[in-house]
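J.: Coordinates only, no sequence provided:
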């Protein structure tokens, strides 16, 4: 029988010495500072081909420890070339995001503490800071008192929790105990949302067993907003056919165009029909921090739940999604499950956030959001959001002024939907031209844009949201678009 190898010294089985953290931590911080100060040294969109990064990496893990200095050098030579740089001021794709200095410091401290914020007891400060910070955010958004907030990873999870609470709001369904499978007594549940809502609503229906066929995508108006009359008609038709209308998801800042659904009218319909109203303000909701944009959340005070993402437009490192509801007891009814090893003597007098969702272990996200809010202040955050919206309007003005280009959707926030559209060219050809322009612009490495389709038109999207984006970056994007349009013109 072979005996196990003897343990070595404490240094062989413990962590690396903190002197290594100090030495190489300084190196890492220096790299981060240079990265943020000189973004032009990297291509916004990674220029590698599929498999290229993997080919540079060993196929097996190292048997012996490797120096941290070597690892950091490999990070720059092997990893950075394969990064598409969301934290670059020339990143205008999807919803442009960015992390900030206070947020990066917060993330560093979160990693050091390695808190699991599930029970109050597992770190009282994590729970109570989350309560305070989400209430700060509630006040910043102009929401009235009575909203319960907590932090998730993404809006996808927050919206799924909202639909789970909507099921619990109808106790006669008894879904927590009996589930949904094989029940002849359970009507088909219906969820209503805009044709331009985020795909996470469909995924939530998949995860909860509601099914894609039961997500009703309501027609939109000419500004790509959900039509209340079409919603009311869909609900009435479903009720007449034996379906059970369960929930409606209105969007403040739709994914393709950032349109704002008419929440007050939708809320009135949901109230009348006893339907849960969830508002997806993942992107656009935080604009309510700007005093003159407070109207974007009009009607939300009549909703049952809301999600906004500080990691989108509040310069907080990913991931950090804030979920609010006026009915937290329904989430508790849906998800609370306390085994004996989780019972604590103070449980009746504290909040244990594990009871409001699927996850047991939860990251200490509140720390970085707390540091961002304090580092910039409400006025500073509002000023940055206001500046981004102004840059988007300026870009839209440049597009409007060029006869070969057109803006194809309203610009309520900091995203512009536009396309190359010289007169006399068939729509199919225009779609192909715009796809080629996008490919060539992104290949320059100076800026990165994404696209969508609106009424079968291939449309380019420029989203301003990075904290370091200035007019010169937006102007360079416009110059690059015009340069590349010349190369593809028929």
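T.: Cool, got the structure. Here the structure is a predicted model, which means the values were calculated and not measured.
J.: name the element residue 217 belongs to?
T.: strand 215-218 (DSSP states H and E).
J.: Next, the residues that contact that strand from outside, please.
T.: 190-195, 197, 201-202, 205, 226-227, 230-231, 234, 238 (CB atoms under 8 Å, 6 or more residues apart in numbering). No exception for glycine: its C-beta is placed from N, CA and C like everyone else's.
J.: same question for that strand, mean pLDDT?
T.: In this model, strand 215-218 has a mean pLDDT of 98.
J.: Can you name the residues in contact with whatever helix or strand comes next after that strand?
T.: Toward the C-terminal end, the helix or strand that comes next after strand 215-218 (DSSP H and E) is helix 228-240. The contact list for helix 228-240, computed with CB under 8 Å, 6+ apart, reads 190, 192, 216, 218-219, 244-245, 248, 262, 265-266, 269, 273, 275.
J.: Among those residues, name the ones in strands.
T.: 190, 192, 216, 218, 244, 245, 248 (DSSP state E).
J.: any idea how far the last one is from residue 191?
T.: This means residue 248. For residue 248, the distance to residue 191 (CB to CB, to the nearest Å) stands at 7 Å.
J.: who has more neighbours, these two?
T.: Legend: neighbour count by other CB atoms under 10 Å for residue 248 and residue 191, higher for residue 248 (30 against 26).
J.: Surely that one is in contact with residue 193?
T.: Yes - look at residue 248 against residue 193 with CB atoms under 8 Å: they come within range, at 6.8 Å.
J.: Counting neighbours, what do you get for residue 358?
T.: Residue 358, neighbours per other CB under 10 Å, totals 13.
J.: Could I get the contacting residues of it?
T.: Contacts of residue 358 (CB under 8 Å, 6+ apart): 157, 161, 335.
J.: Quick check: of those, which has the highest neighbour count?
T.: Most surrounded of those: other CB under 10 Å gives residue 161, at 24 neighbours.
J.: So which other helices or strands are in contact with the one helix or strand it maps to?
T.: Using DSSP H and E, residue 161 falls within helix 155-168. Helices and strands touching helix 155-168, by 3 or more CB pairs under 8 Å, 6 or more residues apart in numbering; DSSP states H and E, are helix 175-178, helix 199-207, strand 244-251, strand 276-280, strand 305-308, strand 321-325, helix 328-335.
J.: List of residues touching the second one?
T.: With contacts defined as CB under 8 Å, 6+ apart, helix 199-207 is touched by 154-156, 159-160, 163, 191, 193, 210-212, 214-215, 249, 255, 280.
J.: Pull out the buried positions in the longest helix along the chain.
T.: Secondary structure of the chain per DSSP state H: the longest helix is helix 365-401. Using 16 or more other CB atoms under 10 Å as the test for burial, helix 365-401 gives 365-373, 375-376, 381-382, 384-389, 391-392, 395-396, 398-399.
J.: Paired strands for the next helix or strand after it, with orientation please.
T.: Counting by DSSP H and E, the next helix or strand C-terminal to helix 365-401 is strand 405-407. With DSSP bridges as the test, strand 405-407 is paired with strand 415-420 (antiparallel).
J.: which other helices and strands contact the following helix or strand past the strand it pairs with?
T.: Next along the chain after strand 415-420, taking DSSP H and E as the criterion, comes helix 427-443. On a contact count with 3+ CB pairs under 8 Å, 6+ apart, helix 427-443 meets strand 415-420, strand 450-454, strand 457-463, helix 471-488.
J.: Single out the most deeply packed of those.
T.: For the helices and strands packed on helix 427-443, average neighbour numbers computed from mean count of other CB atoms under 10 Å are highest in strand 415-420, which has a mean of 26.
J.: tell me the domain ranges of the protein?
T.: Listed by automatic domain parsing, the domain ranges of the chain are 17-84, 116-363, 374-488.
J.: Need the ones you listed in JSON lines (columns: distance to residue 94).
T.: Output for these, formatted as JSON lines (distance: least, CB to CB, whole Å):
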{"stretch": "domain 17-84", "distance to residue 94": "10"}
{"stretch": "domain 116-363", "distance to residue 94": "9"}
{"stretch": "domain 374-488", "distance to residue 94": "5"}
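J.: Pick the most buried one from those.
T.: Most buried of the domains of the chain by mean neighbour count (mean count of other CB under 10 Å) is domain 116-363; its value is a mean of 19.
J.: Could you grab the helix/strand/coil label for residue 182?
T.: coil (DSSP: H, G, I helix; E, B strand; the rest coil).
J.: Looking at it now. What's its pLDDT?
T.: At residue 182, the model reports a pLDDT of 88.
J.: Phi first, then psi, for it.
T.: phi 70, psi 30 (degrees, to the nearest 10).
J.: Need the per-residue pLDDT for residue 427.
T.: At residue 427 the predicted local confidence, pLDDT, stands at 91.
J.: Low-confidence ranges, this structure, go.
T.: Across the chain, the stretches falling below the confidence threshold (pLDDT under 70) are 1-11, 490.
J.: related to what we said a few turns ago, let me know the angle separating the helix holding residue 161 from helix 328-335.
T.: 90 degrees (axes from the mean of the first three to the mean of the last three CA atoms, to 10 degrees).
J.: related to what we said a few turns ago, reformat the helices and strands packed on helix 155-168 as a markdown table; add distance to residue 288.
T.: Output for those, formatted as a markdown table (distance: least, CB to CB, whole Å):
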| stretch | distance to residue 288 |
| --- | --- |
| helix 175-178 | 33 |
| helix 199-207 | 21 |
| strand 244-251 | 14 |
| strand 276-280 | 11 |
| strand 305-308 | 8 |
| strand 321-325 | 12 |
| helix 328-335 | 21 |
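J.: Can you tell me which of those is nearest to residue 75?
T.: Within these, the stretch nearest residue 75 is strand 321-325; the backing value is 27.8 Å (CB to CB).
J.: any idea how far the closest one is from the chain center?
T.: What separates the centre of strand 321-325 from the centre of its chain is 12 Å, taken as CA atoms, centre = their mean, to the nearest Å.
J.: The nearest residue to residue 257 once chain neighbours are set aside and residue 430, how far apart?
T.: In this structure, residue 257 finds its nearest non-sequential neighbour in residue 409, 4.1 Å apart by CB to CB, 6 or more residues apart in numbering. In this structure, residue 409 and residue 430 are 16 Å apart, going by CB to CB.
J.: now residue 476
T.: 24 Å.
J.: again with residue 486
T.: Taken as CB to CB, the span from residue 486 to residue 430 is 16 Å.
J.: Then residue 365?
T.: Residue 365 sits 43 Å away from residue 430, going by CB to CB.
J.: ditto for residue 300
T.: Separation of residue 300 from residue 430 (CB to CB): 38 Å.
J.: what do you get for residue 263?
T.: Per CB to CB, residue 263 is found 34 Å from residue 430.
J.: ditto for residue 334
T.: For residue 334 relative to residue 430 (CB to CB), the value is 48 Å.
J.: and what of residue 103?
T.: Residue 103 is 40 Å from residue 430, by CB to CB.
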